[in-house]
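> Structure, please.
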Amino acid sequence: MGVRILLDKVLFEKRMSLAELADRVGITQANLTLLKAGKARAIRFSTLAALCRELDCQPGDLLQYEPGYVEAPDDEAF
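Numbering: from 1, shown residues only. Modelled structure (predicted):
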């Protein structure tokens with residue numbers, strides 16, 4: 001069981017690049033890439049709040065629970 005990250009979808013809808021979002025949020029593009037790829041096991045509430053602020057969305061727009069989804073190994077929290 002796991003949570004799928006929908007960052008690609010929201011970025012596409014907002015017509016924003018990953019690099020632009022990284023600059024606005026203040027985290028590295030590499031860390032956002034890990035998050036986008038579903039390789040993160042955790043995310044800080046402050047990071048989630050910053051993403052929602054810059055993307056003008058709710059946490060539920062970025063995260064989706066899927067019973068059969070398995071997280072990728074080698075996860076990092078940021």
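> Quick check: longest helix in the protein by residues?
helix 45-55 (DSSP state H).
> now the next helix or strand after it, how far from the centre of its chain.
Moving toward the C-terminus from helix 45-55, the next helix or strand (DSSP states H and E) is helix 59-62. With Cα atoms, centre = their mean, to the nearest Å as the basis, helix 59-62 stands 9 Å off its chain's centre.
> Output the contacting helices and strands for helix 59-62.
helix 7-14, helix 45-55 (3 or more Cβ pairs under 8 Å, 6 or more residues apart in numbering; DSSP states H and E). C-beta coordinates here come from the backbone N, C-alpha and C atoms, glycine included.
> closest one to residue 61 among the ones you listed?
Residue 61 lies closest to helix 7-14 among the helices and strands packed on helix 59-62, at 5.7 Å (Cβ to Cβ).
> Retrieve the pLDDT associated with the residue nearest to residue 56 when sequence neighbours are not counted.
Among residues not flanking residue 56 along the chain, residue 14 sits closest, at 7.3 Å (Cβ to Cβ, 6 or more residues apart in numbering). Looking at residue 14, its pLDDT stands at 95.
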